[in-house]
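# 3D model of this:
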Amino acid sequence: MGIGIGYHYGQKKKRDFKKQKERYNRIISTIEKAGVQV
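Here you go, the predicted structure:
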C-alpha cells in the first residue's frame, strides 16, 4: 500500500514539474519575442 502511494505521488510530482517547465518556457519565449535578451 505504501509503495503504491509513493509511486502515485512520484508520478504526480513529475507531471507537476513538467507543467511548470512548460509554463516557464512559454514565459521565456514571450519575453524573447518582446525583444528582451534573457
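# Need the three-state assignment for G35.
Under DSSP: H, G, I helix; E, B strand; the rest coil, G35 falls in the coil class.
# That one: how many residues sit nearby?
6 (other CB atoms under 10 Å). C-beta coordinates here come from the backbone N, C-alpha and C atoms, glycine included.
# quick one: it and I28, what's the gap?
Note on G35: its distance to I28, by CB to CB, to the nearest Å, is 13 Å.
# For K19, report the pLDDT, please.
Reported pLDDT at K19 in the predicted model: 94.
# That one: neighbouring residues, count only.
Neighbour tally, K19, other CB under 10 Å: 10.
# just use 33 as the starting number from now, easier for me
Sure, I'll start numbering at 33, so the last one becomes K51.
# any idea which helix or strand carries it?
In this assignment (DSSP states H and E), K51 forms part of helix 34-65.
# Just give me the residue closest to the centre of this structure.
Residue closest to the average C-alpha location in the chain (CA atoms, centre = their mean): Q52, at 2.5 Å.
# roughly how far apart are that residue and I37?
Between Q52 and I37 the distance is 22 Å, computed by CB to CB.
# what does K51 give?
21 Å.
# Check V68 too.
44 Å.
# just for this structure, where's the confidence low?
Along the chain, the parts satisfying pLDDT under 70 run over 33-35, 69-70.
# Quick one: neighbours of N57, just the number.
Around N57 there are 10 residues (other CB under 10 Å).
# For K53, list the residues it contacts.
If you count contacts by CB atoms under 8 Å, 6 or more residues apart in numbering, K53 has none.
# I misspoke; the intended subject was I37.
Contacts of I37 (CB under 8 Å, 6+ apart): none.
# For K50, see how far away it is.
21 Å.
# got it, and K44?
Here the criterion is CB to CB. By it, K44 lies 11 Å from K50.
# same deal with Y56?
Counting by CB to CB, the separation of Y56 from K50 is 11 Å.
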